[in-house]
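Asker: let me see the structure of the following:
(one chain, ligands or ions: 2)
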Amino acid sequence: MKILTPKQTRELDQFTIDHEPIASIDLMERAAQKCMDWIISNIDASSYYIFCGTGNNGGDGLAITRMLDPFPYNKKAFLIHFSDKLSKDAKLNYKHLKKTDAACLSQIDFLEDIDFNQIEPDAIIIDAIFGSGLNRPVEGLAKLVIEKINELPNKVISIDIPSGLMAEYDESYAGSPAIIKADITLTFQTPKLSFLLPENSQFVGHWHVLDIGLLAEYIEEQKETHVLVEKDYITSIYKHRLQHSHKGNYGHALLIAGCYGKMGAAILASKGCLKAGVGLLTVHVPHWGYNIIQSSVPEAMASIDRSEMIFTEFPELNGFNAIAIGPGLNKKKNSVVAFENMLSKIEHHSLVVDADGLNILSENKHLLNKLPQQTILTPHPKEFERLAGSWKNDMHRLKILKDFCQQYQVITVLKGAYTVTCMPDGRCYFNTTGNPGMATAGSGDVLTGIILALLAQNYPPDKAATLAVYLHGKAGDKALLQESKESLIASDIIRNLGNAFKSLN
Ligand SMILES: NC(=O)C1=CN([C@@H]2O[C@H](COP(=O)(O)OP(=O)(O)OC[C@H]3O[C@@H](n4cnc5c(N)ncnc54)[C@H](O)[C@@H]3O)[C@@H](O)[C@H]2O)[C@@H](O)CC1
Ligand SMILES: [K+]
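Answerer: Residues are numbered from 1 along each chain as shown. Ligands and ions are numbered 1, 2, ... in the order given. Next comes the predicted model:
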């Protein structure tokens, strides 16, 4: 699903109004009705307090209040009068509500006009103060109201976007205190980019996309800049296996991993790679790790380094079509030299760099310029900070990520909730699978193995990265059927990769 910018969202509204065609007031009615349908089916409460702004988001809130009328609920709507200029459709809905139930409607000019004590703790607050039209931090009366709502124990449902949160913002917006902390956000047609940034999960709560019938035709024409990766996208890139195929069809991968004391990382990455369908796997390990890898992963072939303890050389690369380097490696000088030598020998191979491979890059930045185009880097946020510098907020981090990928023409998988895969042209793909149980030792090594396997099977690097991230998360979700978030370990992710693949059929 494409994520639209605020400008595109406005254009999409207008496109629908012009081409469906539909009057804007009827579109607002449709949006409010979708919210009502969701609320009636999912919420069990007897009182609703609806806080409305003066723009179209407020118009939605006023329409929802009217739609509550046939139901036996207590309801009260507050028009937060931070501007004299009501939008045209908010004004119409204001008049309409006044006719239906004038008693439930109050205009609020001062914070004291609201008796917050009357709001029962189990009542639902509907937040329709600001939507996607917000273009600066909230101040004055609206700020006071938002702060007061955040102090209440009530469940809050935000319409379209928590009031005070911008759909997109720059680094200067960090730390704005007046943002509604919603439990649920009902957003229209596509999610907003800010929903996908970790720092905003405290505001957005659980979000649901409501289809209000805005025209897909417009969305299809828009360039993919930010994409939410869901099953439909993944099934469109997943290649089914042919009946008459053999292991030679699925590539030969080289994994360079492990050192004295860190062979587990090499084992986990190897198993992830094999379970993700690679034809053949060779693991290059220090001499010391030979027995370990042979006995733990009998399906893999071993290439032995002359060094007892660390990575100092690499095998002839010709026979391989994809290479991964980094899990459980180390950063010693001889390994850096071997890594640099290997980079100069890479021709047609796809490359993944993880863990200590990334640390080598951040301590030897000149190597970044030597990475083959479309190399896939898989940092967690700390590793990314070492590679690309620090950020002021998560939106700023996204900008740094895009600049980094464009500068070095690499693909970066920045791990976390909604792991984002950024392409060399700046396109960003946000993953939707996975869970906090996967924040566990070795989880990243498994991901590296999966990416390596998909590259070896000839997936283009951008698709290999997004598909691997999705499958890795899905395997983690499947593992949660037997495990808890605490008990889940990297081996459970490997064990559930089969279920993750099956879920694509
Ligand atoms: N246009 C359409 O067709 C539809 C719009 N819908 C609703 O309309 C919303 C967008 O409405 P609007 O564009 O009217 O904007 P909002 O209702 O989000 O904001 C109201 C107005 O406040 C002003 N403003 C922005 N930041 C402010 C601040 N910090 N302090 C004070 N005033 C500020 C802006 O001029 C804006 O027009 C969506 O979020 C959605 O809820 C829905 O009804 C669906 C259909
Ligand atoms: K809102």
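Asker: got the residues of the stretch 51-200 of the chain near ligand 1?
Answerer: 53, 55-60, 82-83, 87, 130-136, 138, 142, 159-160, 188 (CB under 6 Å from any ligand atom). Every residue, glycine included, has its C-beta placed from N, CA and C.
Asker: which among those count as buried?
Answerer: 53, 55-60, 82, 87, 130-134, 138, 142, 159-160, 188 (16 or more other CB atoms under 10 Å).
Asker: in strands, which of the residues you listed appear?
Answerer: By the criterion of DSSP state E, membership of these in strands covers 159, 188.
Asker: and the chain, what are its domains?
Answerer: 2-222, 247-502 (automatic domain parsing).
Asker: make CSV out of those and add mean pLDDT and distance to residue 240.
Answerer: Shown next, in CSV, are the domains of the chain (pLDDT from 0 to 100; distance: least, CB to CB, whole Å):
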stretch, mean pLDDT, distance to residue 240
domain 2-222, 95, 25
domain 247-502, 96, 10
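Asker: just want the residue of the stretch 401-505 of the chain that's nearest ligand 1.
Answerer: Per CB to the nearest ligand atom, the residue of the stretch 401-505 of the chain with the smallest distance to ligand 1 is residue 430, at 20.7 Å.
Asker: what's in contact with the helix or strand encompassing that residue?
Answerer: If you go by DSSP states H and E, residue 430 is part of strand 428-431. Strand 428-431 is contacted from outside by 3, 196, 225-229, 398, 401-402, 418-423, 465-466, 469-470, 473, using CB atoms under 8 Å, 6 or more residues apart in numbering.
Asker: try it again at 7 Å.
Answerer: Around strand 428-431, the neighbours that count as contacts under CB atoms under 7 Å, 6 or more residues apart in numbering are 196, 226-229, 398, 402, 418-422, 466, 469-470, 473.
Asker: what ranges does the stretch 1-150 of the chain have for its helices?
Answerer: Secondary structure of the stretch 1-150 of the chain by DSSP state H, counting those that start in this stretch: the helices cover 6-19, 24-42, 56-67, 88-101, 140-151.
Asker: just the stretch 151-300 of the chain next, same as before
Answerer: Using DSSP H, counting those that start in this stretch, helices in the stretch 151-300 of the chain cover 201-204, 216-221, 231-237, 263-275, 290-296.
Asker: farthest pair within the contacts of strand 428-431?
Answerer: Farthest apart among the contacts of strand 428-431 by CB to CB are 402 and 473. That separation is 22.1 Å.
Asker: buried stuff in stretch 7-24?
Answerer: 8-9, 12-13, 15-17, 22, 24.
Asker: name the SS class of residue 413, please.
Answerer: Classification of residue 413 using DSSP: H, G, I helix; E, B strand; the rest coil returns strand.
Asker: residues contacting the closest residue to it other than its chain neighbours?
Answerer: Leaving aside its chain neighbours, residue 413 sits nearest to residue 378 (4.5 Å; criterion: CB to CB, 6 or more residues apart in numbering). Applying CB under 7 Å, 6+ apart to residue 378 gives the contacts 352, 354, 413, 415, 444, 447-448, 451.
Asker: what about the residue positioned nearest the centre of the chain, distance to residue 430?
Answerer: By CA atoms, centre = their mean, the mean C-alpha position of the chain lies nearest to residue 418, the distance being 2.5 Å. Distance, residue 418 to residue 430, using CB to CB, to the nearest Å: 5 Å.
Asker: same thing with residue 395?
Answerer: For residue 395 relative to residue 430 (CB to CB), the value is 13 Å.
Asker: of the two, who's got more company?
Answerer: Just comparing residue 395 and residue 430: by other CB atoms under 10 Å the higher neighbour count belongs to residue 430, 24 against 20.
Asker: which members of the buried ones among the residues of the stretch 51-200 of the chain next to ligand 1 additionally contact ligand 2?
Answerer: Filtering these for neighbours of ligand 2 using CB under 5 Å from the ion leaves 57, 159.
Asker: which one of the contacts of strand 428-431 is nearest residue 333?
Answerer: Of those, the one sitting nearest to residue 333 (CB to CB) turns out to be residue 422, at 30.8 Å.
Asker: any idea what that closest one is bridged to?
Answerer: Using DSSP bridges, the bridge partners assigned to residue 422 are residue 412, residue 428.
Asker: may I have the distance across stretch 409-416, first residue to last?
Answerer: Stretch 409-416 has an end-to-end distance of 22 Å (criterion: CA to CA, to the nearest Å).
Asker: and the helices in the stretch 351-500 of the chain?
Answerer: 356-363, 381-388, 394-408, 443-456, 461-479, 490-495, 497-502.
Asker: winner for burial among those?
Answerer: helix 443-456 (a mean of 30; mean count of other CB atoms under 10 Å).
Asker: and it with helix 356-363, angle?
Answerer: Going by axes from the mean of the first three to the mean of the last three CA atoms, to 10 degrees, helix 443-456 is angled at 100 degrees with respect to helix 356-363.
Asker: circling back: for residue 234, find the nearest of the domains of the chain.
Answerer: domain 247-502 (4.9 Å).
Asker: distance of residue 499 from residue 477?
Answerer: 9 Å.
Asker: got it, and residue 492?
Answerer: 11 Å.
Asker: could you do residue 273 as well?
Answerer: 20 Å.
Asker: returning to that earlier point: would you reformat the helices of the stretch 351-500 of the chain as CSV and include distance to ligand 2?
Answerer: Shown next, in CSV, are the helices of the stretch 351-500 of the chain (distance: least, CB to the ion, whole Å):
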stretch, distance to ligand 2
helix 356-363, 40
helix 381-388, 29
helix 394-408, 19
helix 443-456, 36
helix 461-479, 29
helix 490-495, 37
helix 497-502, 36
